[in-house]
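Visitor: What shape does this take:
(chains A, B, C and D)
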4 protein chains.
Amino acid sequence: MNLQDIQHKIDKFTKEKAINSRVDIRIIDLASEVGELSKEVLKGTDYGNKKFEKTKEWKSELGDVLFSLICIANETNTDLEECLNSVLNKYEERFKNKGDLGSSK
Amino acid sequence: MNLQDIQHKIDKFTKEKAINSRVDIRIIDLASEVGELSKEVLKGTDYGNKKFEKTKEWKSELGDVLFSLICIANETNTDLEECLNSVLNKYEERFKNKGDLGSSK
Amino acid sequence: MNLQDIQHKIDKFTKEKAINSRVDIRIIDLASEVGELSKEVLKGTDYGNKKFEKTKEWKSELGDVLFSLICIANETNTDLEECLNSVLNKYEERFKNKGDLGSSK
Amino acid sequence: MNLQDIQHKIDKFTKEKAINSRVDIRIIDLASEVGELSKEVLKGTDYGNKKFEKTKEWKSELGDVLFSLICIANETNTDLEECLNSVLNKYEERFKNKGDLGSSK
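Guide: Sure, this is the predicted structure:
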């Protein structure tokens, strides 16, 4: 599914269910969800003692983080695909500069 | 762009640039990026003293969080659209149950 | 109790129980505990709809965050009181500079 | 210095400087500071490629997290030493129970 369509779908969903919130509340929710995903990483690596294996809750927790992030984007009328493109451009720029430094030019 | 295509694009990108990492490193990166987005919320609300206005860095910081999250999904071979659907189903289920409770049945 | 004594007490405790970990594991644990404290803030403010009231779990969650932070300090042989003093000095410096700017000097 | 005295000192400090905030703002600040500390862990381990070495900013970032946490405790009239003791009791309880399970009693 198209990322913009996903944003619209979730916007409609949260408004219908009246679970949309201000961005300063949503960002606290994001920290909470990232905390739960972090816990799954600890469990999935047995606290750093083995290679990560997906836990039973992995998909659900990853989904919660993405859902929370999309709500923040929606609440602030931000297009996530544009955001991603600006990140990719930033990295391209950095690598190009490093490349220049490394080359004999 | 399709969310699966975005995941593949970023997978290719991080492998080409050799910036892919283990999930236990990526999750620390996610906390770091969420921290930066949190800072923008503080700035954008003047530390809770006004309604949020997007900061100059808002799109870029939101993109960094999404990028970091997609890397975690890629590193663990997880399809984000499936994750989202499981979240939406979870919410639907909760609301259905609440609805039952609230109805006269 | 003296903060240094608290650090020693917890160092002894975690070593006796063999629950000490590398700092890159401990920082994931800190994100997890901060996530749980964030959840209590959401509950205690009814998701931003009322003035915060302490939840039943408040003290315990606050303690978990502090415990996790002290473990990070111990694992890296860092004296937390010194850390705090450097923060207070940083703030004093900032306010002094703002004061200078604001004064007629 | 005594942990309670530290809480009082910082309470006085933030009130004098008028940098105290509501707990729902402070928790966003905590996520931001934990994000910065996370970044130092990434730098100090070269993104998971070497054993952690303290970075130049380590003490200062650790201090910022503790400062933010103490502000949350102060804002909610919570005694951090009591919080820590309840955590230690919780762990003692868990280990006692595990001990019982493991023993032949």
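Visitor: how far away is A:Ala18 from chain B?
Guide: Using CB to the nearest CB, to the nearest Å, A:Ala18 is found at 10 Å from chain B. (Glycine included, C-beta is placed from N, CA and C.)
Visitor: quick one, what contacts the residue nearest the centre of chain A?
Guide: Chain A has A:Leu66 as the residue nearest its centroid, 5.0 Å off, counting by CA atoms, centre = their mean. If you count contacts by CB atoms under 8 Å, 6 or more residues apart in numbering or on different chains, A:Leu66 has them with B:Leu69, B:Leu80, B:Cys83, B:Leu84, B:Val87.
Visitor: same question, A:Leu69
Guide: Residues near A:Leu69 by CB under 8 Å, 6+ apart: A:Leu30, A:Leu80, B:Leu62, B:Val65, B:Leu66, B:Leu69.
Visitor: so the last one is in which element?
Guide: In this case it means B:Leu69. helix B:58-75 (DSSP states H and E).
Visitor: which residues are contacting the very next helix or strand once past that helix?
Guide: As assigned by DSSP H and E, the chain's next helix or strand after helix B:58-75 is helix B:80-102. For helix B:80-102, the surrounding residues in contact (CB under 8 Å, 6+ apart) are A:1, A:6, A:10, A:13, A:17, A:19, A:59-60, A:62-64, A:66-67, A:70, B:3-4, B:7, B:69-70, B:73.
Visitor: Could I have the buried ones of these as ChimeraX selection syntax?
Guide: Those of these that count as buried under 16 or more other CB atoms under 10 Å in any protein chain shown are selected in ChimeraX with:
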select /A:6,10,13,59,60,62,63,64,66,67,70 /B:3,7,69,70,73
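Visitor: Looking at the contacts of A:Leu66, spot the one nearest chain C.
Guide: B:Leu69 (13.7 Å; CB to the nearest CB).
Visitor: In contact with A:Glu75, which residues?
Guide: Here A:Glu75 is in contact with A:Asn20, A:Ser21, A:Arg22, A:Val23, A:Arg26 (CB under 8 Å, 6+ apart).
Visitor: which one of these sits closest to A:Leu37?
Guide: A:Arg26 (16.2 Å; CB to CB).
Visitor: Chain neighbours aside, what residue packs nearest to that closest one?
Guide: Nearest non-adjacent residue to A:Arg26, counting by CB to CB, 6 or more residues apart in numbering or on different chains: A:Ile72, 4.8 Å away.
Visitor: what do you get for A:Ile25?
Guide: The nearest residue in space to A:Ile25 (CB to CB, 6+ apart) is C:Gly48, at 4.0 Å.
Visitor: Assign a three-state SS to that neighbour, would you?
Guide: coil (DSSP: H, G, I helix; E, B strand; the rest coil).
Visitor: Distance of it relative to chain B?
Guide: 11 Å.
Visitor: Give the phi and psi angles for that residue, as a check.
Guide: phi 80, psi 10 (degrees, to the nearest 10).
Visitor: contacting residues around it?
Guide: A:Ser21, A:Arg22, A:Asp24, A:Ile25, C:Leu42, D:Asp24.
Visitor: Identify the farthest-apart pair in the contacts of A:Glu75.
Guide: A:Asn20 and A:Val23 (10.3 Å).
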